[in-house]
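S.K.: The following block contains a protein sequence and its predicted model.
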Amino acid sequence: MGLVFVRCEAVVQRRGLPGRRAVSADLFRRGGRFILQPRLNSSVLGGDSWLSIVVKRGKTSRWCSDADIAIRSTTSKGKRMAEQFYTVASDSETTGEDKSQLSFPDVAIGIDIGTSKCSVAIWNGHQVELLKNTRNQKGMRSYVMFKDDTLSAGVTGGAAQESAHEERDILSGSAIFNMKRLIGRMDTDEVVQASKTLPFLVQTLGIGVRPFIAALVNNMWRSTTPEEVLAIFLLELKALVEMHLKHPVRNAVLTIPVAFSRFQQTRIERAFAMAGLHVLRLMPEPTAVALLYAQQQQQLMHDNMGSGIEKIALIFNMGAGYSDAAVAATAGGVSQIRALSGCTVGGEDILQNIMRHVLPNFDSLYDGHTVDRIKSMGLLRIATQDAIHKLANQESVDINIDLGNGQKVSKVLDHSEFEQVNRAIFEKCEKIIIQCLVDAKLEPEDINDVILVGGCSKIPRIRSLVLGLCKKEVSYKNIDALEAAVSGAAMEGAIASGVTDPSGSLDLLTIQATPMNLGIRADGNNFAAIIPRNTTVPARRDMLFTTTHDNQTEALIAVYEGEGEQAEDNHLLGYFKIAGIPPAPKGSVEISVCMDIDASNVLRVFAGVVKPQGPAIPPFIEVRMPTLDDGHGWCGQALAKMYGKTIDLAVLPKKLQP
Amino acid sequence: VPKAAAVGTPSLRPNPKASRIRWAATAASTVLGLRAGATVREIKADYRRLARERHPDVAGAAPGAAVDFVRLHDAYATLFDPDSRARYDRGVVVAVAVAVAQRPCYPCWGGATGRPRRSD
């Protein structure tokens, strides 16, 4: 064995059993690989699967995942049990040996990580099957509970009956949830700001760096990150799937909100890597639903019940954290995404609006995060959530709760009041649907089916709003609002893994589109979109730019993604400099910036001087985006402060272009 | 021959919009295999049929697969948009000759490494 890398603690679980325990182990490094060996006196048995590794340094413990390594367990056959070791492979490492070990069918699973609930589905050889946890739930609450030294996620929900988590435990400050809203966001982001009312600690400095997130463990705030929380959750989810399939899983197709930035995508991929899962594909949620719809339409045609002509569906998905809309044109098993739009409003915002409405001093309640206040907030949250659910089926609802400390809430809430309080949210939903129709160049009459999915699609106002905009009486019936996205993801997983089905039910293709504009900063602080949103991918577009100063020899290419007209309103993905531009009067140099999204949805930016032509001009630069790590908001400000306008670019006016 | 049209003189000149349409028109007749006057439904059906062969999800992530599909989609998008369709129908004969001569070539298309190349 190589050098002892670090002594650590591994949490192991007996396959098929809910209990878990910590064992001490040594982490070795050998030939670029990390190998975890349980210490001789620790009772690790064959059939145990590791769950996580905690590296102890003095009195503090850190998650090993912080070292950015993907962890994968292997059982060494034919060796003594005590010698069983766990291999920890580095994230980027790919070896041929891995592939030869895969004797099981490596079909990617479908995962839908919701802000509030998560589900997982597999292709079982004939159809999509949603897996249930030990509590018989298909939709598992998305959270991770931090308790003493043990961690447990919502997949098992505390597993054993006596330790089962109840909603009030989840809201006690010890659990982290809403990871999907927090992941990859800066502390200046309004979604992060709104998350400060959650029971766990979200602290912001407002300078464009990652927020401080912590869970309450034994009256102490223990820091963590959304990626880490998600990775722990995914480990439990992976164990559930492996228990069901009886073989390891490696690949997953994950559904994501349309509003997810490319930076957020990298964070979520990192969380998956920490959990030993490879993200085969990221699918915007409504496009996964569109795939399911395409399959159903094709099936209808095979059964001679469908006409086979193109059908256009508008899909509206509203969950707890995000809302998405998409227009898909479907015929012959090909689902073409014509337009996508999304925003960051969801059930969580509705919940917070109602909480503020019934308790006017709500904002002072969460201040300080004392145990008493967290408890009051939890009570209010549960009661409000319950009231919103009831309001979907009844005219009005009573909210009566004693928050303790002499605070009481007593309120009758009816539909009109509910709609009044959440008007801004409904307006945002309307906006993304209208934008989707305009971008797809379609009139409401062109829509054949309206598909409503997500937890919030049960809210009467949401239903009437979407149907009204599409001039429809009823929505499409054959799709389950909560299971559609994960089913589509599992189907895509099977298709992308090369599975074919004799009945032709996997003979499908999705032609995806970019959800957001991609471009660079130019003409001062403006945003010049090079690949506009809803461009079919793979895609490649270029645009000409010029210098803004005489004899300017350097130019900054700052790449952004988003819908804002100002560069700063968008997500900064990365930046680089073109140097060695031949000295020339301003406006006479031509710089070509080309953006390319390949078949794997990887974004590359190419830039270089194209005029004047000649041997002295610098070579093109190719940069894979995003290049930024954390603190991307801070970077944008620093760039502006450091360089001001000295290395700016301007869009070359069209009339000058040949 | 479609493949022959794809081998143009490489140049670093970015494509101006006008030649994009001419190029797409060529692509439409060669890539999509359509004649002027095809109905919207025929265009769509042909596009879907070819997408099922050429989309990188089907054709694999081999170098050039994405380029092939982007060409197909550009051709389709040109014909699908009523404005550019009208231009295409009016000018297709002239355009084909012009486009073959002036087909824009992106600095790094088709290269396995994706690195920009110059070969004047």
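M.R.: Cool, got the structure.
S.K.: and the stretch 351-500 of chain A, which of its residues are near chain B?
M.R.: Counting by Cβ under 8 Å from any Cβ of the partner chain, the residues of the stretch 351-500 of chain A close to chain B are A:Ile495, A:Ala496. C-betas here are computed from N, CA, C, even on glycine.
S.K.: which residues in the stretch 351-500 of chain A form strands?
M.R.: Counting by DSSP state E, counting those that start in this stretch, one finds strands in the stretch 351-500 of chain A at the ranges A:396-404, A:407-414, A:449-453.
S.K.: any idea which of those is most buried?
M.R.: Neighbour counts (mean count of other Cβ atoms under 10 Å in any protein chain shown) averaged over each of the strands of the stretch 351-500 of chain A peak at strand A:449-453, with a mean of 24.
S.K.: mind listing what A:Val107 touches?
M.R.: When the contact criterion is Cβ atoms under 8 Å, 6 or more residues apart in numbering or on different chains, the partners of A:Val107 are A:Ile122, A:Trp123, A:Asn251, A:Gly493, A:Ala494, A:Ser497, A:Val499.
S.K.: can I assume the first one is in contact with A:Ala108?
M.R.: No. Between A:Ile122 and A:Ala108 there is no contact, the gap being 9.1 Å when judged by Cβ atoms under 8 Å.
S.K.: Those two: who's more crowded?
M.R.: Of the pair A:Ile122 and A:Ala108, A:Ala108 is the one with more neighbours under other Cβ atoms under 10 Å in any protein chain shown, namely 27 against 21.
S.K.: The nearest residue to that one once chain neighbours are set aside: neighbour count?
M.R.: Using Cβ to Cβ, 6 or more residues apart in numbering or on different chains and skipping the chain neighbours, the partner closest in space to A:Ala108 is A:Gly493 (3.3 Å). With neighbours defined by other Cβ under 10 Å, the count for A:Gly493 comes to 26.
S.K.: how close does A:Gly493 get to chain B?
M.R.: A:Gly493 is 12 Å from chain B, where distance means Cβ to the nearest Cβ, to the nearest Å.
S.K.: confidence score at that residue?
M.R.: Turning to A:Gly493, the model gives it a pLDDT of 95.
S.K.: same deal with the one 3 residues further on?
M.R.: What the model reports as pLDDT for A:Ala496 is 91.
S.K.: picking that back up, and the contacts of A:Val107, which is closest to chain B?
M.R.: Among the contacts of A:Val107, A:Ser497 lies closest to chain B (Cβ to the nearest Cβ), at 11.6 Å.
S.K.: quick one, phi psi at the nearest residue to the closest one once chain neighbours are set aside?
M.R.: Distances taken as Cβ to Cβ, 6+ apart place A:Val107 nearest to A:Ser497, at 4.5 Å, with adjacent residues excluded. Note on A:Val107: its backbone torsions stand at phi -90, psi 130 [degrees, to the nearest 10].
S.K.: per-residue pLDDT, A:Val107?
M.R.: What the model reports for A:Val107 is a pLDDT of 92.
S.K.: And it, how far from A:Asp386?
M.R.: A:Val107 is 39 Å from A:Asp386, where distance means Cβ to Cβ, to the nearest Å.
S.K.: for A:Ile111, same thing?
M.R.: 28 Å.
S.K.: Please identify which of these two sits among more neighbours.
M.R.: Each of A:Ile111 and A:Asp386 has its neighbours counted (other Cβ under 10 Å); A:Ile111 has more, 25 against 14.
S.K.: Then that one would be within a helix, right?
M.R.: No. Under the criterion used here (DSSP: H, G, I helix; E, B strand; the rest coil), A:Ile111 is strand, not part of a helix.
S.K.: so what's it bridging to?
M.R.: Going by DSSP bridges, A:Ile111 is paired in beta bridges with A:Val120, A:Leu254.
S.K.: hmm, back to that, okay, and the common contacts of A:Ile122 and A:Ala108?
M.R.: Among the neighbours of A:Ile122, those also in contact with A:Ala108 (Cβ under 8 Å, 6+ apart) are A:Gly493.
S.K.: Tell me where chain B is predicted with low confidence.
M.R.: In the prediction, chain B carries residues with pLDDT under 70 at positions B:1-38, B:61-63, B:81-120.
S.K.: Please flag which of the contacts of A:Val107 sit within helices.
M.R.: Mapping the contacts of A:Val107 onto helices (DSSP state H) picks out A:Gly493, A:Ala494.
S.K.: ok, of the contacts of A:Val107, which come out buried?
M.R.: Among those, the ones that count as buried by 16 or more other Cβ atoms under 10 Å in any protein chain shown are A:Ile122, A:Trp123, A:Asn251, A:Gly493, A:Ala494, A:Ser497.
S.K.: Show me where the stretch 301-450 of chain A dips below the pLDDT cut-off.
M.R.: Applying pLDDT under 70 to the stretch 301-450 of chain A flags residues A:305-308.
S.K.: could you pull out the helices for it?
M.R.: Under the criterion DSSP state H, counting those that start in this stretch, the stretch 301-450 of chain A carries helices at the ranges A:347-358, A:362-366, A:371-391, A:415-421, A:423-439.
S.K.: Mean neighbour count, these: which tops it?
M.R.: For the helices of the stretch 301-450 of chain A, the largest average neighbour count (mean count of other Cβ under 10 Å) is found in helix A:347-358, namely a mean of 21.
S.K.: For it, output the C-alpha coordinates as CSV.
M.R.: What follows is the C-alpha trace of helix A:347-358 in CSV, where atoms were taken according to Å, rounded to 0.1, in the frame of the first residue of the first chain:
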residue,chain,number,x,y,z
GLY,A,347,-44.3,27.3,-4.8
GLU,A,348,-41.6,28.5,-2.3
ASP,A,349,-42.4,32.1,-3.3
ILE,A,350,-46.1,31.6,-3.0
LEU,A,351,-45.5,30.1,0.4
GLN,A,352,-43.4,33.0,1.5
ASN,A,353,-45.9,35.5,0.2
ILE,A,354,-48.7,33.9,2.2
MET,A,355,-46.5,33.7,5.3
ARG,A,356,-45.8,37.4,5.1
HIS,A,357,-49.4,38.1,4.4
VAL,A,358,-50.8,36.2,7.5
